[in-house]
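Novice: here are the coordinates; sequence isn't available:
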Ligand SMILES: [Fe+2]
């Protein structure tokens, strides 16, 4: 059995490991370039925050939809033609109120409901955000430009392999007579992560 340091010494560089994976895939006739292109296309064209923005706008204008969304997110977003990977078994929608600010993170890595709110931004994957948002959430939010009054309770939710979250922001009071399509335009990714208010 190798001890820890010796194992570390024996681990190849990232480049060498990528090359090895590439060679193994090539050997089996798997076209990685095509797969990567397809993934990039999905990420750029389909896994976009606008999906979540549509969900939020619908919830703001349709109370019955909002109830269904809060009860079972995964089933409700399907009503808008949105799907989630099989392993995202639950979409839990966290409703903000004037007194409660929900914030999501993944302390382990970078999990999000990416087909709904888009791929996570770099800071979301950063160890500093992941560690600090749990311990000193109010300070982290303030540093990110969201200075919440003391009476607003901050709730931090840690994503797991099978449970994904999205935040349902508070609808701005000045938008009461706006049509749904116009509301879609003001919902941001950061608002659905919970580090910003709309
Ligand atoms: Fe993760």
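Specialist: That came through fine. Just so it is clear, the structure is predicted and the values come from calculations on it, not from any experiment. Numbers count the residues shown, from 1 in each chain.
Novice: list the contacts of stretch 87-102.
Specialist: With contact meaning CB atoms under 8 Å, 6 or more residues apart in numbering, stretch 87-102 is reached by 59, 69-70, 72-74, 76-77, 84, 104, 113, 115-116, 141, 146, 148, 151-157, 161-170, 194, 197. Using the backbone N, CA and C atoms, a C-beta is placed for each residue, glycine as well.
Novice: what do you get for stretch 32-47?
Specialist: 22, 25, 26, 114, 115, 118, 119.
Novice: and the one helix or strand the fifth one maps to, how far out from the chain middle?
Specialist: The reference is to residue 115. Assigned by DSSP states H and E, residue 115 belongs to helix 114-117. Taking CA atoms, centre = their mean, to the nearest Å, the mean C-alpha location of helix 114-117 is offset from the chain mean by 6 Å.
Novice: what's that helix packed up against?
Specialist: Applying 3 or more CB pairs under 8 Å, 6 or more residues apart in numbering; DSSP states H and E, one finds that helix 114-117 contacts helix 49-61, strand 163-168, helix 189-193.
Novice: in a markdown table: the ones you listed, plus mean pLDDT.
Specialist: Formatted as a markdown table, the helices and strands packed on helix 114-117 follow (pLDDT from 0 to 100):
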| stretch | mean pLDDT |
| --- | --- |
| helix 49-61 | 98 |
| strand 163-168 | 97 |
| helix 189-193 | 98 |
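Novice: that older thread, list only buried entries from the contacts of stretch 32-47.
Specialist: Neighbour counting by 16 or more other CB atoms under 10 Å classes 114, 115, 118, 119 among the contacts of stretch 32-47 as buried.
Novice: which one of the helices and strands packed on helix 114-117 lies nearest to the ion?
Specialist: strand 163-168 (9.7 Å; CB to the ion).
Novice: each with direction, which strands does the closest one pair with?
Specialist: Using DSSP bridges, the strands paired with strand 163-168 are strand 90-95 (parallel).
Novice: in the partner strand, what's buried?
Specialist: 91, 92, 93, 94.
Novice: quick one: average pLDDT of the helix holding residue 115?
Specialist: Mean pLDDT, helix 114-117: 96.
Novice: ok, the closest residue in space to residue 130 that isn't next to it in sequence to residue 158 distance?
Specialist: Leaving aside its chain neighbours, residue 130 sits nearest to residue 107 (5.1 Å; criterion: CB to CB, 6 or more residues apart in numbering). According to CB to CB, to the nearest Å, residue 107 stands 5 Å off from residue 158.
Novice: what is in contact with those two at once?
Specialist: With CB under 8 Å, 6+ apart as the test, residue 107 and residue 158 both reach residue 134.
Novice: what does the protein put close to the ion?
Specialist: Within reach of the ion by CB under 5 Å from the ion, the chain has these residues: 106, 108, 109, 110, 111.
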